[in-house]
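J.: sequence isn't available, so here's the structure alone:
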């Protein structure tokens, strides 16, 4: 019998969800205290510790080369917060290429400390190694957090009839990475130094952290589910939300905010912002009666948010409404940034 997977070649980016689902379908018996295990669309694992729930998350930084230590803390903390928890402890595995200057390791450690201090996180361990065959430094992190059992939030908890709220705008992270990594290409495509500099600052303003947004939303008591759009962009995050909750989704494209800098970069490099890595935005679902309370609470802290759609029955699929016309949501084989840097 031919192994079909042996002939299926994987491209840079996330493992396709159909493959991931099949690999996760037979992991053996579940330990009694595991409340939430691995599943497509779920951002973290939940383990019961009596009066508290341990929340665990792992994520690598593979596209960026600038500030990767800072990135690693931020993106892992985001997923703990999107699960209703408080990020507290971080372990990192840092892999460096042969002959890399020792100053690179020093700088990454400084970045880890900077980001951890910003969020009140303690660095509790990890591993460092100089590894053959690497073109650039790679860091993979594991973040641990905790929440009261009643405060945890699953991606799979979205219900038919819920409204979908989006904070900030899409592709914030992708905008910043490309501005920092591809300045020469952007200048050649006609962008100005000032435009690129503004886009590069998106790491900090509007910023890629959703820890505060998730905390504020959860505090209202109206959240049914949350999901942190990262690799795969908004389109990928909506697909994961629908898969996890076994629902459909309807999105009003006019309500999805895209920053001018993001539009300019995507136009210059022929990218679609809906499929571009999107840390900095947070998807929240809520019963319609609770959406305004969430949006108002976020606005009080200077975080823009709006209702962009609703959760529907699974047979209705994932659709978008644009100028009164309903069409399927765009799909992407891989993140647009992976496509860009694999060319």
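T.: Arrived safely. Computed from a prediction, not measured in an experiment: that's the story for all the values here.

J.: what about the residue nearest to the spatial centre of the chain, distance to residue 88?
T.: For the chain, the residue nearest the mean C-alpha position is residue 230 (2.4 Å; Cα atoms, centre = their mean). For residue 230, the distance to residue 88 equals 21 Å [Cβ to Cβ, to the nearest Å]. Every residue, glycine included, has its C-beta placed from N, CA and C.

J.: specify the local secondary structure of residue 74.
T.: Per DSSP: H, G, I helix; E, B strand; the rest coil, the local secondary structure of residue 74 is helix.

J.: typo on my end, residue 258
T.: coil.

J.: near the residue nearest to it when sequence neighbours are not counted, how many other residues are there?
T.: Sequence neighbours aside, residue 273 is the residue nearest to residue 258 in space, at 5.3 Å (criterion: Cβ to Cβ, 6 or more residues apart in numbering). Neighbourhood size, residue 273 [other Cβ atoms under 10 Å]: 24.

J.: find the nearest non-adjacent residue to residue 230, please.
T.: residue 279 (5.3 Å).

J.: and the strands in the protein?
T.: Remark: strands assigned in the chain by DSSP state E are 34-36, 45-49, 52-61, 86-97, 122-131, 138-147, 163-167, 223-227, 248-252, 283-286, 305-312, 318-322, 325-328.

J.: mind listing the strands the third one pairs with, and their directions?
T.: Right, strand 52-61. Strands flanking strand 52-61 in the sheet, each with its direction: strand 45-49 (antiparallel), strand 138-147 (antiparallel) (DSSP bridges).

J.: tell me which of the ones you listed is the most buried.
T.: Of the strands paired with strand 52-61, the one with the most neighbours on average (mean count of other Cβ atoms under 10 Å) is strand 138-147, at a mean of 22.

J.: strand 122-131 and that strand, what's the angle between them?
T.: Between strand 138-147 and strand 122-131, the angle comes out at 160 degrees (axes from the mean of the first three to the mean of the last three Cα atoms, to 10 degrees).

J.: let me see the contact set for the residue nearest to residue 258.
T.: Taking Cβ atoms under 8 Å, 6 or more residues apart in numbering, we find residue 273 in contact with 170-171, 174, 233-234, 258, 262-263, 266, 336.

J.: ok, those vs residue 12, which is closest?
T.: Comparing the contacts of residue 273 against residue 12 with Cβ to Cβ places residue 336 closest, at 11.4 Å.

J.: now do the contacts for that closest one.
T.: Counting by Cβ under 8 Å, 6+ apart, residue 336 touches 174, 233, 266, 271-273, 275-277.

J.: which of those fall in helices?
T.: Among the contacts of residue 336, DSSP state H puts 174, 233, 266 in helices.

J.: residues near the second one, how many?
T.: Residues lying near residue 233 (other Cβ under 10 Å) number 27.

J.: my guess is it meets residue 332, correct?
T.: Yes. The pair residue 233 and residue 332 qualifies as a contact (Cβ atoms under 8 Å) at a distance of 7.1 Å.

J.: can you pull the contacts of residue 126?
T.: Applying Cβ under 8 Å, 6+ apart, we find residue 126 in contact with 90-94, 141.

J.: so how far is residue 51 from it?
T.: Applying Cβ to Cβ, the value for residue 126 to residue 51 is 28 Å.

J.: so what's the residue count around residue 237?
T.: Using other Cβ under 10 Å, residue 237 is surrounded by 23 other residues.

J.: show the pLDDT at it.
T.: What the model reports for residue 237 is a pLDDT of 97.

J.: go on, residue 147?
T.: Taking residue 147 on its own, its pLDDT is 97.

J.: and what of residue 2?
T.: 55.

J.: contact partners for residue 319?
T.: 248-251, 326-329.

J.: what of residue 210?
T.: 78, 81-82, 167, 228, 279-282.

J.: try residue 113
T.: residue 123.

J.: next one: residue 320
T.: By Cβ under 8 Å, 6+ apart, the contact set of residue 320 is 250-253, 326-330.

J.: what is the burial count for residue 289?
T.: Residue 289: 9 neighbours (other Cβ under 10 Å).

J.: could you find the closest non-adjacent residue to it?
T.: Nearest to residue 289 is residue 222, by Cβ to Cβ, 6+ apart, at 7.8 Å.

J.: wait, residue 100 sits on residue 137?
T.: Yes. Counting by Cβ under 8 Å, residue 100 touches residue 137, with 6.8 Å between them.

J.: contact partners for residue 262?
T.: Taking Cβ under 8 Å, 6+ apart as the criterion, residue 262 is in contact with 169-172, 174-175, 199, 273, 276.

J.: which two among the residues you listed are spaced furthest apart?
T.: Top of the distance list for the contacts of residue 262 (Cβ to Cβ): 170 and 199, 13.9 Å.

J.: longest helix in the chain, by number of residues?
T.: The chain, longest helix under DSSP H: helix 102-119.

J.: show me what stretch 57-68 is in contact with.
T.: In contact with stretch 57-68 (Cβ under 8 Å, 6+ apart) are residues 43-45, 71-72, 75-76, 79-80, 83, 108, 111, 136-145, 177, 180-181, 203, 230, 277, 337-338, 341.

J.: cool, thanks, talk later.
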